[in-house]
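Structure of the sequence below:
(chains A, B and C)
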Amino acid sequence: MGNPKQKWTSEEEEALRAGVAKHGTGKWKDIQRDPEFNPFLVNRSNIDLKDKWRNMSCSANGQGPREKSRTVKAKANSDAPATQVSTPQTAVAVPAVRDSATAPNADDSSKALPDGKNSSMYNTMIFEALSSLKEPNGSDTSAIVSYIEQRHEVPQNFRRLLSTRLRRLVAQDKLEKVQNCYKVKSHADASLGTKTPAPKPESQPRQTQTTVYRTSTDVVDEAAVAAAYKVAEAENKSFVAAEAVKEADRISEMAEDAESLLQLAKEIFEKCSQGERVYAA
DNA sequence: AATAGGGTTACAT
DNA sequence: ATGTAACCCTATT
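Residues are numbered from 1 along each chain as shown, chains lettered A, B, ... in the order given. Here you go, the predicted structure:
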């Protein structure tokens, strides 16, 4: 019963780093067995190594001196930011047994996050996603992730982040999980007396299931949820609007180009009609 | 048998 | 109550 969590020591981390540098990522068993690192990693299994490496390298991946660490660009304030529908993610996490620095986190600019209030806007994003893709049966994690990825810059471990986020929202009764899908929980109260089936099929074969009964408290979330819904809708609208604006800009730019082109043509024509010779620049 | 990845629990803020 | 690290479970090869 003694597994109160064993935090990794610097020794172990170093060993892991060195091990990956020598063997490459994915050779967890080899690293663990290597007599050079084994002494430090006796208490760790190969999957422990894998997990640890995942944690260490989730935020930034050294690979190249270039690639500035891309942290979250959370601009919770202004709507319609420079929505660059770029797809920079998946920055090639290729193991590539390069002898060069395969270090996970040379990134020291940690704790940057210039965002003052970078608390949780993930919730908002989730609600936005859920209400926008109006899946009656709910949406699964992948759907939600990809929806959000299209509209916001997300950290690399976003999927992992999001899944815990979703799970928490469910625990807070703000979301409902049917199978693998999540949907906004509507407090069925305004309707009839027939008891709500009280969807609690959650018979987790898990161990120590702390009592999850919420006998009281939450009575008002309805408004909050409704608000979130509205916000989500509004955000979606503004997103669409922003797209439209961008398109308009593009068009007018093209128009400008066409205009100047026309102007040029006129000039050339005039010169030509005056007998001048015109050479293409 | 190992690995990769999703999911879950414990801990610290 | 939220982000994160350690841990667990499972599909895939």
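
Just the pLDDT at the closest residue to A:Asn46 other than its chain neighbours, thanks.
Leaving aside its sequence neighbours, A:Asn46 sits nearest to A:Trp28 (C-beta to C-beta, 6 or more residues apart in numbering; 3.8 Å). C-beta coordinates here come from the backbone N, C-alpha and C atoms, glycine included. A:Trp28 is assigned a predicted lDDT (pLDDT) of 97.

Could you check how many residues crowd around A:Trp28?
Neighbourhood size, A:Trp28 [other C-beta atoms under 10 Å]: 23.

Likewise for A:Thr141?
If you count neighbours by other C-beta under 10 Å, A:Thr141 ends up with 15.

Isn't it up against A:Ser163?
Yes - in this structure, A:Thr141 is within contact of A:Ser163 by C-beta atoms under 8 Å, at 5.6 Å.

Get me the contact residues on the stretch 151-281 of chain A for DNA strand C.
Within the stretch 151-281 of chain A, the residues that sit near DNA strand C (C-beta under 7 Å from any atom of the strand) are A:Asn157, A:Leu161, A:Thr164, A:Arg165, A:Arg168, A:Gln172.

Buried among the residues you listed? Make that a ChimeraX selection.
Here is the ChimeraX command that picks out the buried ones among those, judged by 16 or more other C-beta atoms under 10 Å:
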select /A:165
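
could I get the residues of the stretch 151-281 of chain A next to DNA strand C as CSV with pLDDT and secondary structure?
Shown next, in CSV, are these (pLDDT from 0 to 100; DSSP: H, G, I helix; E, B strand; the rest coil):
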residue, pLDDT, secondary structure
A:Asn157, 81, coil
A:Leu161, 88, helix
A:Thr164, 89, helix
A:Arg165, 90, helix
A:Arg168, 89, helix
A:Gln172, 86, coil
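
ok, the residues of the stretch 151-281 of chain A next to DNA strand C vs DNA strand C, which is closest?
Set against DNA strand C, the nearest of those by C-beta to the nearest atom of the strand is A:Thr164 (4.5 Å).

Distance check, the closest one against A:Leu49.
As judged by C-beta to C-beta, to the nearest Å, A:Thr164 and A:Leu49 stand 22 Å apart.

Ok, A:Gln172 next?
A:Gln172 sits at a distance of 34 Å from A:Leu49 (criterion: C-beta to C-beta).

just A:Leu162 next, same as before
Per C-beta to C-beta, A:Leu162 is found 25 Å from A:Leu49.

more crowded one of these two?
Remark: of A:Leu162 and A:Leu49, A:Leu49 carries more neighbours, 23 against 20, as counted by other C-beta under 10 Å.

Is that one within a helix or a strand, and which one?
Counting by DSSP states H and E, the element that carries A:Leu49 is helix A:46-56.
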